[in-house]
Every structure is written in C-alpha cells, then in structure tokens.
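Chemist: Structure, please.
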Amino acid sequence: METGRSNEINLVKGKKVYFASDQHFGAPNEKDSKIREKKFINFLDSIKGDCQVLFLLGDLFDFWHEYKTVVPKGFVRILGKLAELSDMGIVLYFFTGNHDLWMRDYLQNELSIILYTNEQEFDINNKKFFIAHGDGLGPGDKSYKTMKKIFTNPLARWLFQWLHPDIGVTLGNYFSRKNKLISGEEDIKFLGEDNEWLIVFSKEKLKDKKIDYFIYGHRHLPMDLPIGEQKQSHYVNLGDWISYFTYAVFDGESLKLLTYNDN
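Modeler: Residues are numbered from 1 along each chain as shown. From the prediction side, this is the model:
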C-alpha cells in the first residue's frame with residue numbers, strides 16, 4: 001500500500017462521498033463507448049452539487065497506457081468533466097484496475113487526482129472503509145495473478161514503452177476488447193458467498209480488524225451483502241457502467257447502492 005497520505009475524511013454537513021467503477025470507456029467501439037461516456041458525464045453533473053469526494057475504483061478506460069509524453073487518444077469529454085470537478089474542490093481518488101494498471105502521473109498532474117495502485121483503508125466520518133479495485137485479491141485466479149505480476153514488472157513496462165504508441169495502443173485495445181465481460185459473451189452470475197473470492201477475502205480480513213464497508217469494483221455484478229458474524233459489515237461491489245450503471249453513495253451515516261437513470 002502507498003503510505004504518506006492521510007486517509008481520514010470528515011464530511012461537511014450536507015456533503016457526500018460517491019463511488020463508481022468499471023466504466024471501460026473505449027469498449028466495445030468508439031461509437032458505443034461515447035454513448036456510455038455521455039451517460040456517466042450526466043451522472044457526474046447530477047452529483048457535483050453535494051459531492052465532497054469521488055472514488056473511481058478502476059477500469060475507467062478499457063485500455064490505458066501512458067508513455068513518457070503520450071497518452072491514448074480520445075476521452076476528452078470525461079477527462080474534461082473530471083477536471084471541472086477537481087477545479088470545484090471535489091477530491092478525486094482513483095484506484096487503478098486491471099485494464100488501466102499502466103497509469104503513471106498524467107491524471108495526477110493534469111486533474112489533481114490522487115492515484116492508488118493497491119488497496120487502501122479509509123476512515124470516513126468514523127466509519128472504516130476498505131477500498132480496492134479487487135483484482136487479484138482473495139483465493140484462486142492464479143493465472144491472472146501471474147499475468148498481473150508480469151504486466152506490472154518494471155522490465156515489462158520498460159519494454160512495452162519502446163513500442164510505437166500506434167502499435168502499443170492498438171495491441172492493448174485489441175486484447176482488452178477481447179475480454180468476455182465487455183463482449184457480453186459471459187453471463188455474470190452470483191456464485192454464492194463461499195465461491196465469491198472477494199467475499200471470502202473480506203471475511204478473512206474481518207478476523208483481524210473491524211471494517212464497516214468493503215468497497216470493490218472488478219466483479220461487474222452490483223452487490224450489497226451483510227457479512228461477518230453479526231452481519232454488521234457490508235460487502236459492496238459497485239457493478240459497472242456497461243450493463244448496470246450503478247454507483248454507491250455514503251452520506252456520513254449509511255451507504256446505499258443505487259442505479260443511475262438519466263431518462
């Protein structure tokens with residue numbers, strides 16, 4: 001985990017914390033992506049009046065790689081909207097996901113977004129939050145964990161950056177869009193508490209300390225489940241902005257998982 005940052009948030013009266021994840025902008029193609037991008041921008045407009053903090057829990061882009069002086073083309077509208085929120089004084093946190101794990105410092109320098117590459121614990125109005133994208137946590141998924149180690153290896157990143165951006169970004173987009181979650185070829189179904197890796201991980205975490213809310217992305221299936229011996233903690237998966245258009249909001253006392261509808 002990154003250190004040296006204060007992970008304590010005290011909400012001003014009337015202000016809230018919002019959480020969203022897995023927008024996968026860029027997929028499945030530019031035309032369809034812009035429709036979803038516009039919907040997410042409308043959502044951001046709808047919350048900016050009472051939003052004090054916005055957490056984006058990864059996979060905002062279906063593929064993202066930052067070269068030293070080059071970033072992927074497109075996404076001007078969403079980046080501009082995030083810049084507007086930042087300029088308004090809204091604090092933005094971003095947790096890299098498995099599709100945008102090759103971020104460097106572009107969002108930090110241009111938008112003042114606070115970037116995390118690993119899970120973090122936050123104290124928000126005296127409630128304990130465990131926040132992560134969720135990829136690679138818990139048991140199982142050994143093949144992905146091996147792949148992630150390769151992709152995040154400094155040597156692998158150094159070698160990839162020597163590909164011309166037209167080649168590197170094209171390859172990245174191709175393999176990201178082959179993902180079954182994006183193509184719709186794979187149904188997302190609840191596997192039961194004993195088979196959901198992030199739930200198993202969260203329950204193990206509760207054996208060591210009290211956590212009020214576990215907030216994750218990655219799974220694409222919106223869930224809000226009470227867990228723990230007394231069922232006083234909550235496992236929350238934020239869903240996605242591909243099929244569900246879901247998000248969570250914390251008002252300082254309780255958290256709700258909601259669906260955005262701009263009709």
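Chemist: hey, let's count contacts and neighbours off CA atoms from now on
Modeler: OK.
Chemist: helices and strands of this protein: which one bottoms out on pLDDT?
Modeler: helix 180-183 (a mean of 48; mean pLDDT, DSSP states H and E).
Chemist: after that one, next one along is what?
Modeler: helix 197-206 (DSSP states H and E).
Chemist: Would you enumerate the residues in contact with the most centrally placed residue in the chain?
Modeler: Among the residues of the chain, the one closest to the centroid is Leu57, at 1.7 Å (CA atoms, centre = their mean). By CA atoms under 8 Å, 6 or more residues apart in numbering, the contact set of Leu57 is Phe19, Ala20, Ser21, Asp22, Phe94, Phe95, Thr96, Gly97, Ala132, His133, Tyr216, Gly217.
Chemist: same question, Thr96
Modeler: With CA under 8 Å, 6+ apart, Thr96 has these contacts: Leu57, Gly58, Asp59, Met103, Leu115, Tyr116, Thr117, Asn118, His133.
Chemist: From Lys256, how far off is it?
Modeler: 23 Å (CA to CA, to the nearest Å).
Chemist: list the contacts for the nearest residue to Ala132 once chain neighbours are set aside?
Modeler: For Ala132, ignoring the flanking residues on the chain, the nearest one in space by CA to CA, 6 or more residues apart in numbering is Glu119 at 4.4 Å. By CA under 8 Å, 6+ apart, the residues touching Glu119 are Met1, Phe95, Phe130, Ile131, Ala132, His133, Gly134.
Chemist: Sitting in helices, which of these do you find?
Modeler: Secondary structure assignment by DSSP state H places none of the contacts of Glu119 in helices.
Chemist: By neighbours, which of those residues wins?
Modeler: Among the contacts of Glu119, His133 has the most neighbours (other CA atoms under 10 Å), with 29 neighbours.
Chemist: thinking it is in contact with His220, fair?
Modeler: No. His133 is not in contact with His220 according to CA atoms under 8 Å; the separation is 10.8 Å.
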